[in-house]
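Q: Sharing a model that was predicted from the sequence below.
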Amino acid sequence: MRFSNVSFFYFLYFIPFVALFLFWKILHTRRTLKLFGEEPLIGRLTASSSMKKRVAKSVLLILTMIFFILTGAGPQWGMRMESITRKGVDIIFALDVSRSMLAEDVKPNRLEMAKREIDDILKRLSEDRISLIAFSGEAFVQCPATLDYSTFKLLLDAVDPEISPTPGTDFGRMIDEALKLFQKAKGKHRVLVVLSDGEDHAEDSLEAVKRAYSQGIIIHTIGIGTEEGVPIPLRNGSGEIEGYKKDSEGKIVTTRLSESFLQKMAITAGGIYVRGTTSGEEVREITKLVSGMEKEEFSSMIHSIYEERFQFPLAALILLLILEHLITTRKKETKAWVGRL
């Protein structure tokens, strides 16, 4: 269960004060009555008044306030599937998860910066269908095509180099996986956005790019990293650097942003190449081009719709109000039977 408006729970702080006030009011009334005369006389004058009913009305009033707060907080539990339809572009984000993406020439590292680039692009999208492919020496679908951006972001955050143990970077395998994802879609509304440091270890990747473009797929590429070159840190379970990646000869590997292949890929497939920066200019360029593409109508099932359950505390609130109204502070009159004289 969750609540749609948790700020209503701040009103619970007032409940103890109200309870103390009601208790004080009952005691104050009794003390005031004692000032008017002798206790036996006051007892006869107030014989029809019920102290228990006064206490019961106070308890009902407090319970009414609690259920009013629960109703306003908007309780929700249970989820239902909901189909939504939108008109936009089919976008696949291909995220490089090779070890070189752990280099820290950009902060905090290349992989986290690439995730932030994707997140910034998503903030400018709303109607487009999105997918995520993670790739290194292998490629796999991390998130299938969806209109549910929240679920996509959860799966994006979970991406880590450990999920793809095959070393290297093979753009060809990534594009083959993208073509499978795009298989059901047709028309000029398909775009592949590749985020990588550009270190390709395969030979036939450019052929795969040409094959994708021949099928109407536009490829934009975003370069992550710098050209100066840095070693790839190896961290222990506590996150501390315990060394740097070395090659087979024991030398520390230096990784650099290799823009040439990323540029070739974009030019070959009708897209653009931009370098990832903190200014966000590359995000604006990519989203502007996507916005200008042909749109297609999509439908998708999402399951993040919680059922509203405010009706239950509201029903209890109404019942308590009725009870409080029906209860009087007078005792029930009992007539003594008087026999015929």
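A: Looks like it came in fine.
Q: In the stretch 151-300 of the chain, where is pLDDT below threshold?
A: 184-187, 200-203, 300 (pLDDT under 70).
Q: what about the strands in it?
A: Assigned by DSSP state E, counting those that start in this stretch, the strands in the stretch 151-300 of the chain fall at 190-196, 218-223, 230-231, 233-235, 241-244, 254-255, 273-275, 296-308.
Q: can you give me how far the following helix or strand past the longest one is from the chain middle?
A: So the one you mean is strand 296-308. Past strand 296-308, heading to the C-terminal end, the next element that is a helix or strand (DSSP states H and E) is helix 311-326. Offset of helix 311-326 from its chain centre (CA atoms, centre = their mean, to the nearest Å): 35 Å.
Q: cool, stretch 16-24 as well?
A: Per CA atoms, centre = their mean, the centroid offset for stretch 16-24 relative to its chain is 41 Å.
Q: Sort out which residues of it are buried, please.
A: For stretch 16-24, the buried set under the neighbour-count rule, 16 or more other CB atoms under 10 Å, comprises L22. For every residue, glycine as well, the C-beta is placed using N, CA and C.
Q: and for that stretch, what are the contacting residues?
A: The set of residues external to stretch 16-24 that reach it, using CB atoms under 8 Å, 6 or more residues apart in numbering, is S58, L61, I62, M65.
Q: change it to 10 Å
A: When contacts are defined by CB atoms under 10 Å, 6 or more residues apart in numbering, stretch 16-24 is touched by residues R54, V55, K57, S58, V59, L61, I62, M65.
Q: Against A158, how distant is the fourth one?
A: The reference is to S58. With distances defined as CB to CB, to the nearest Å, the gap from S58 to A158 amounts to 53 Å.
Q: These two: which is more packed in?
A: Here S58 and A158 are set side by side on neighbour count (other CB atoms under 10 Å), and the busier one is S58, at 18 against 11.
Q: got the contact list for the more buried one?
A: Neighbour list for S58: V18, A19, F21, L22, F23, K25, I26, E324 [criterion: CB under 10 Å, 6+ apart].
Q: which SSE is it in?
A: Assignment of secondary structure by DSSP H and E places S58 within helix 51-73.
Q: Tell me the first helix or strand C-terminal of that helix.
A: Secondary structure here is assigned by DSSP H and E; on that basis, the next helix or strand after helix 51-73 toward the C-terminus is strand 75-88.
Q: what helix or strand does E127 sit in?
A: Following DSSP H and E, one finds E127 outside all helices and strands.
Q: sorry, back to before: need the worst-confidence member of the contacts of S58.
A: The lowest pLDDT within those belongs to I26, with 81.
Q: Please report the distance of that one from L33.
A: As judged by CB to CB, I26 and L33 stand 11 Å apart.
Q: what about the two, which has more around it?
A: More neighbours surround L33 than the other of I26 and L33, with 15 against 12 (other CB under 10 Å).
Q: residue ranges of the strands in the stretch 1-150 of the chain, please?
A: Taking DSSP E, counting those that start in this stretch as the test, the strands found in the stretch 1-150 of the chain are 2-3, 75-88, 90-96, 129-135, 139-146.
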